[in-house]
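Peer 1: sequence-free structure coming up:
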């Protein structure tokens, strides 16, 4: 007899965000390597690049045929043979901030599977434990499937009052469901006093790892950024046709810059659930001092020290 529950289960898709240029770390990477390279294509916390580490983690959560990876137009030269593992590889014509970087791959998923559950993964972060991370993402996906209309964000448990991160303040009065909490507010890069207060209050860091139904994501885009979504709605019917390439170029020629966190997530805290990511160390590797500290704990020197020619040149 056919298992109706399995037949009705929503399919899970993955988006890997690898289109950034790593502006904050350009001086450090240039110092280490002698040339510029976005950090997701650098080997910092292991012998693999951060993108390769991300693809390793995602492979246990989403099958390759339902994975969409977005990179910059000129990033193909940095892929080092991992393109085959990246699922559908999309080259964005230009950098337009994080919201277009999410909605372009989301458009391909919406076109292919309007009932999809989407898991979104930045590719330039450090995550310590694969099994614990998989468990947290699985809970987030299940919660998103039970909570239509919501985005489920994974919140990292902080190890101190970090000022360079985005913070999430949960609603303390709301009883937890499956470990998740409603969100009271978001705070991006607070001052030292406020960061200390949020740390003491048990707030969480915003990892931007999230689970959401594709229809919910699209509806939130239309509600919060209608001017951006006019372009993506017009692009949708062109995907998979001979007109796709020219339509994409025209879309990005007209498209402004839009930030997913500040212009969508932070505008609708009532539509967000946060799930504490327990048992996992997380860092966005956005600050040189934090990168050096983490690499020291992992017993890794700088990329220069691991490449003899560069080490000799820097001696």
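Peer 2: Here it is on my side, so go on. Values in this document were obtained by computation on a predicted structure and should not be read as measured data.

Peer 1: longest strand of this protein, counting residues only.
Peer 2: strand 204-213 (DSSP state E).

Peer 1: next SSE downstream of it?
Peer 2: Remark: after strand 204-213, the chain's next helix or strand is helix 214-224, criterion DSSP states H and E.

Peer 1: angle of that following helix against strand 204-213?
Peer 2: Helix 214-224 runs at 110 degrees relative to strand 204-213, counting by axes from the mean of the first three to the mean of the last three Cα atoms, to 10 degrees.

Peer 1: neighbouring contacts of helix 214-224?
Peer 2: With contact meaning Cβ atoms under 8 Å, 6 or more residues apart in numbering, helix 214-224 is reached by 13, 99, 102-103, 106, 109-110, 113-118, 144, 148-151, 228-229, 232-233, 263-264, 267-268, 271. For every residue, glycine as well, the C-beta is placed using N, CA and C.

Peer 1: in that helix, what counts as buried?
Peer 2: 214, 216-218, 220-221, 224 (16 or more other Cβ atoms under 10 Å).

Peer 1: before we move on, what SS does residue 26 have?
Peer 2: Put simply, residue 26 is helix when judged by DSSP: H, G, I helix; E, B strand; the rest coil.

Peer 1: that one against residue 35, yeah?
Peer 2: No: judged on Cβ atoms under 8 Å, residue 26 makes no contact with residue 35 at a distance of 10.3 Å.

Peer 1: and these two? which has more neighbours close in?
Peer 2: A direct count of neighbours by other Cβ atoms under 10 Å for residue 26 and residue 35 places residue 26 higher, at 14 against 8.

Peer 1: contacts only, for the more buried one.
Peer 2: Residues counted as contacts of residue 26 (Cβ under 8 Å, 6+ apart) are residue 36.

Peer 1: and what of the one 3 residues further on?
Peer 2: By Cβ under 8 Å, 6+ apart, the residues touching residue 29 are 22, 36-37, 39, 42.

Peer 1: likewise residue 261?
Peer 2: Here residue 261 is in contact with 98, 166, 186, 188, 206, 208 (Cβ under 8 Å, 6+ apart).

Peer 1: repeat that for residue 130.
Peer 2: Going by Cβ under 8 Å, 6+ apart, residue 130 touches 56-57, 60.

Peer 1: state the distance from it to residue 275.
Peer 2: 17 Å (Cβ to Cβ, to the nearest Å).

Peer 1: just residue 250 next, same as before
Peer 2: On the measure of Cβ to Cβ, residue 250 and residue 275 end up 39 Å apart.

Peer 1: check residue 157 too.
Peer 2: According to Cβ to Cβ, residue 157 stands 11 Å off from residue 275.

Peer 1: could you do residue 287 as well?
Peer 2: Taking Cβ to Cβ as the measure, residue 287 falls 25 Å from residue 275.

Peer 1: between those two, which is the more surrounded one?
Peer 2: Remark: of residue 287 and residue 275, residue 275 carries more neighbours, 25 against 17, as counted by other Cβ under 10 Å.

Peer 1: what strand or helix carries the more buried one?
Peer 2: With DSSP H and E as the test, residue 275 turns up in strand 272-277.

Peer 1: any buried residues in that strand, and which?
Peer 2: Using 16+ other Cβ under 10 Å as the test for burial, strand 272-277 gives 272-277.

Peer 1: any chance of these in a markdown table, plus pLDDT and distance to residue 242?
Peer 2: What follows is those, written out as a markdown table (pLDDT from 0 to 100; distance: Cβ to Cβ, whole Å):
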| residue | pLDDT | distance to residue 242 |
| --- | --- | --- |
| 272 | 97 | 39 |
| 273 | 96 | 41 |
| 274 | 96 | 43 |
| 275 | 95 | 42 |
| 276 | 94 | 47 |
| 277 | 92 | 43 |
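
Peer 1: from the residues you listed, pick the one nearest residue 254.
Peer 2: Of all the buried residues of strand 272-277, residue 272 has the smallest distance to residue 254: 29.4 Å, by Cβ to Cβ.

Peer 1: that closest one is in contact with residue 212, isn't it?
Peer 2: No: Residue 272 lies out of contact with residue 212 (Cβ under 8 Å); the separation is 9.7 Å.
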